[in-house]
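**Student:** Dropping the sequence and predicted coords here.
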Amino acid sequence: MKQLMVVLVELLLLLLDLTYCILCAALQTLLQPRLKSVEGELCLITGAGGALGRLFALEFAKEGAQLVLWDCNAAANEHTARLARDLGARVHAYTVDVSKREDIYAAADRVRAEAGDVTMVVNNAGVVAGRRLLDCPDELLERTLLVNCHALFWMTKAFLPQMKARNHGHIVTIASALGLFTTSCDYCASKFGAVGFHESLAHELQAENQGGIKTTLVCPYIVDTGIKELRSLIPPLEPLYTVQQSMKAILGEQQMVCIPRLIYIPFLARV
Ligand SMILES: NC(=O)C1=CN([C@@H]2O[C@H](COP(=O)(O)OP(=O)(O)OC[C@H]3O[C@@H](n4cnc5c(N)ncnc54)[C@H](OP(=O)(O)O)[C@@H]3O)[C@@H](O)[C@H]2O)C=CC1
Ligand SMILES: CC1=C(/C=C/C(C)=C/C=C/C(C)=C/C=O)C(C)(C)CCC1
């Protein structure tokens, strides 16, 4: 009799466990945003030879997008291109220094002629000087602002007109948690600029009824990509996890994503 009771209780627990799992799965499915398809989209990624840029390229390739890869590091960019082609993607790779406005415009013209109209831009290229203000050469400080912030203006001016003509496109800004609160001078200034740029662009598109053009802001905590200037006591994020979370936000056409969610705390405290 006692043994039968034990078996019954165990069966009941198993049933409860199963119900809980089914409810969780159903809730997750219901709450998950619909993810759009990027099959056939022409997706340009800057800094595609770097750690996150390469992973973005491979994720977009898996999703069926055609790729335009930009990086100032030709060898690293070509390596990403090869990996993406191995996944079956059509890839155009260009060596471009996005700190130079005229280089961006010239490369954009080449892309239009050789690959067609870009429908998605992932502004991912980024640098950091990582020195205290008074110890840092002016050129290094300037470079951070040019690559992380000014380039967003020129990239958008180069590719937004064709998106507007079709009211279709997506502009992604890879900023940083350091675009929401401060630690290092040049990097934070540039990433605050990136966040401000993203927010203003989103407002401008909304005011112009260009609802078909989406914008997504990505603000990750430190990622384990080897940028030695970005260190903290708390362990860094895994690059693949960071990119997969970003992809969910991009394909879900989310306005913004903080990775991890804890980063929303300083963001909300800002208001
Ligand atoms: N790693 C981190 O902890 C975090 C990174 N981010 C942001 O994510 C983005 C990607 O970072 P991550 O992958 O770690 O960085 P990486 O340094 O690994 O990659 C950046 C890539 O951009 C290239 N690049 C640098 N300057 C230029 C330029 N002027 N023109 C074209 N390409 C350029 C780099 O080339 P080269 O190697 O030759 O310099 C490199 O290939 C950046 O915007 C960064 O600020 C945000 C939060 C945390
Ligand atoms: C404020 C804050 C945090 C610290 C964040 C830090 C230190 C972020 C550094 C980010 C960097 C260096 C990004 C590079 O692009 C925690 C611990 C997540 C908890 C939530 C509040």
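**Tutor:** Alright, I've got the coordinates. Ligands and ions are numbered 1, 2, ... in the order given.
**Student:** Pick out the residue of the stretch 51-200 of the chain closest to ligand 2.
**Tutor:** The minimum distance from the stretch 51-200 of the chain to ligand 2, using CB to the nearest ligand atom, falls at residue 176 (3.2 Å). C-beta here means a position set from N, CA and C on the backbone, and glycine is covered the same way.
**Student:** Skipping its backbone neighbours, what lies nearest the residue most central in space within the chain in space?
**Tutor:** The centroid of the chain falls nearest to residue 174 when counting by CA atoms, centre = their mean (4.4 Å). Ranked by CB to CB, 6 or more residues apart in numbering and with sequence neighbours excluded, the top spatial neighbour of residue 174 is residue 124, at 4.4 Å.
**Student:** any idea how far the one you found is from residue 134?
**Tutor:** Relative to residue 134, residue 124 is positioned 30 Å away (CB to CB, to the nearest Å).
**Student:** repeat for residue 86
**Tutor:** Residue 86 sits 47 Å away from residue 134, going by CB to CB.
**Student:** Compare those two and say which one has the larger neighbour count.
**Tutor:** For residue 86 versus residue 134, the count of surrounding residues by other CB atoms under 10 Å is larger for residue 86: 10 against 6.
**Student:** Do the host helix or strand of residue 104 and ligand 1 come into contact?
**Tutor:** Assessed by DSSP states H and E, residue 104 sits inside helix 101-114. No. Remark: helix 101-114 sits outside contact range of ligand 1, by CB under 6 Å from any ligand atom, the gap being at least 8.3 Å.
**Student:** Can I get the next helix or strand after that helix as PDB, trimmed to CA atoms?
**Tutor:** Sequence-wise, the next helix or strand downstream of helix 101-114 (DSSP H and E) is strand 120-123. What follows is strand 120-123, C-alpha atoms only, in PDB (Å, rounded to 0.1, in the frame of the first residue of the first chain):
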ATOM      1  CA  MET A 120      20.200  46.400 -44.600                       C
ATOM      2  CA  VAL A 121      23.100  48.100 -43.000                       C
ATOM      3  CA  VAL A 122      24.800  46.800 -39.800                       C
ATOM      4  CA  ASN A 123      27.100  49.500 -38.600                       C
END
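**Student:** quick one: low-confidence parts of the stretch 151-271 of the chain?
**Tutor:** Within the stretch 151-271 of the chain, the ranges that satisfy pLDDT under 70 run 227-233, 270-271.
**Student:** for ligand 2, what are the nearby residues on it?
**Tutor:** 176-178, 181, 221-222, 230, 232, 234, 262-263, 265-266.
**Student:** which strand is the longest one in the chain?
**Tutor:** Secondary structure assigned by DSSP state E gives strand 213-220 as the longest strand of the chain.
**Student:** Name the residues that touch that strand?
**Tutor:** By CB atoms under 8 Å, 6 or more residues apart in numbering, the residues outside strand 213-220 that reach it are 160, 163-164, 167-177, 179-180, 194-195, 198-199, 201-202, 205, 237, 242, 246, 249-250, 253-259, 263, 267.
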